[in-house]
Every structure is written in C-alpha cells, then in structure tokens.
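# Coordinates for the following, if possible.
(one chain, ligands or ions: 1)
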Amino acid sequence: MSKHLSIIVGSVLGASEYVAEALEQVAQSAGFTTTLQFEPDLDVLEKKGSWLICTSTHGAGELPQNIQPFAKALEETDLSGIDAWVVGLGDSSYDTFCYGAMEMEKRLTEAGARLTAPPLHIDVLNHPIPEDVAVEWFEQQVKQ
Ligand SMILES: Cc1cc2nc3c(=O)[nH]c(=O)nc-3n(C[C@H](O)[C@H](O)[C@H](O)COP(=O)(O)O)c2cc1C
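Here you go, the predicted model:
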C-alpha cells in the first residue's frame, strides 16, 4: 500500500520552502506519495496518516503569517490519526529561537497528534544551507 506524506510549510522569506521541497524528494525516494502546501489549508488535508510541518519563526517568536490560520484551526480538530514530523528553522541570535516550530509541536500534540520523532530545530546561523542537515535527518527518519 502506498504511503502518503502531507507537507505543510510556514515561511516568510522562502528558506523553509526550499527545505520542504528537498524533503519532498527524500520522501518520494522512500516510496511516499506527497502533497506540498505553501498556503496550508486544514480543510483539504486528510486527518489521518503522516504530516511533515516545516516552519520558520518570525516577529517576536511567532509563526509565519501564511501558517497562522492553519495553526489556529488545529485547536478545533481531532488529530489522533496523525503522525507528524516537525522541522523548524530559526536563528539562535533570537532568544525566541524556533518558537514557531515549538508552537506547532504544542498545537499538534494538544490536538492528539503523535510526534514521530523529536523535532529538528535548525539554526540557520550554523547551517547556512539548512536543506543539507534537514535531508540528512529525514533520510534517517524514512529509512525502513
Ligand atoms: C524579522 C525576522 C524575525 C525573526 N525572528 C526569529 C525568532 O524570533 N526566532 C527565530 O528562531 N528565528 C527568527 N528569525 C530567523 C528566521 O526564522 C530564519 O531566518 C529562517 O531561516 C527564515 O525562514 P523562512 O525564509 O522560511 O521564513 C527571524 C528572521 C527575521 C527576518
């Protein structure tokens, strides 16, 4: 049976989009069918199976605008059928390092989702090409 991965992106400047596209390739190579949402819409997502949330942090530790309605909608949703990976991009010079990803982790688990693995928080100060570390990590995750 084919596995499906829904990839959900929160991004302002595009870095998380690049990471999500790189991880989509990894997932496809591992046998997943994929969908990629740059404007996340909970209504069109299956509420079961595997999700990958890839989001940066902006403002004073906030989620990017494009993913905020999705994050809010999770409050009203039963995600007990979801296994989720979370990849956060942030900059450790902010004391709100990766708060956006942490907010997603909280909302997902409060809605009943299971985190498949401890989230990956990528510090773009140390990893100017965040795709590299994300791909290495995700290859391990999807390896059977
Ligand atoms: C105005 C601004 C505010 C930011 N605030 C935070 C923050 O609070 N915490 C954090 O970890 N990173 C913060 N960052 C760093 C971004 O999360 C980081 O540059 C990330 O790679 C951007 O990804 P994106 O292009 O997908 O939006 C901020 C960046 C900018 C430009």
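
# where are the low-confidence patches of the chain?
Counting by pLDDT under 70, the ranges of the chain that qualify are 1, 144.

# can you tell me if the host helix or strand of residue 83 touches the ligand.
Element membership of residue 83 [criterion: DSSP states H and E] is strand 81-90. Yes: Strand 81-90 is in contact with the ligand by CB under 6 Å from any ligand atom, via 89, 90. In short, each C-beta sits where N, CA and C put it, glycine included.

# Flag every buried residue along that strand.
Across strand 81-90, burial judged by 16 or more other CB atoms under 10 Å covers 82, 83, 84, 85, 86, 87, 88, 89, 90.

# Please report the distance of the first one from residue 45.
The one in question is residue 82. Distance, residue 82 to residue 45, by CB to CB, to the nearest Å: 9 Å.

# Quick check: residue 18 is in a strand.
No: under DSSP: H, G, I helix; E, B strand; the rest coil, residue 18 falls outside any strand and is assigned helix.

# give the contact list for it.
For residue 18, the contact set (CB atoms under 8 Å, 6 or more residues apart in numbering) comprises 130, 131.

# mind starting the numbering at 44 from now?
Let's use 44 as the start, then, which means that last one is residue 61.

# quick revisit: which secondary structure elements does the strand holding residue 126 contact?
With contacts taken as 3 or more CB pairs under 8 Å, 6 or more residues apart in numbering; DSSP states H and E, strand 124-133 sits against helix 58-72, strand 91-99, helix 142-153, strand 157-158, strand 163-166, helix 173-185.
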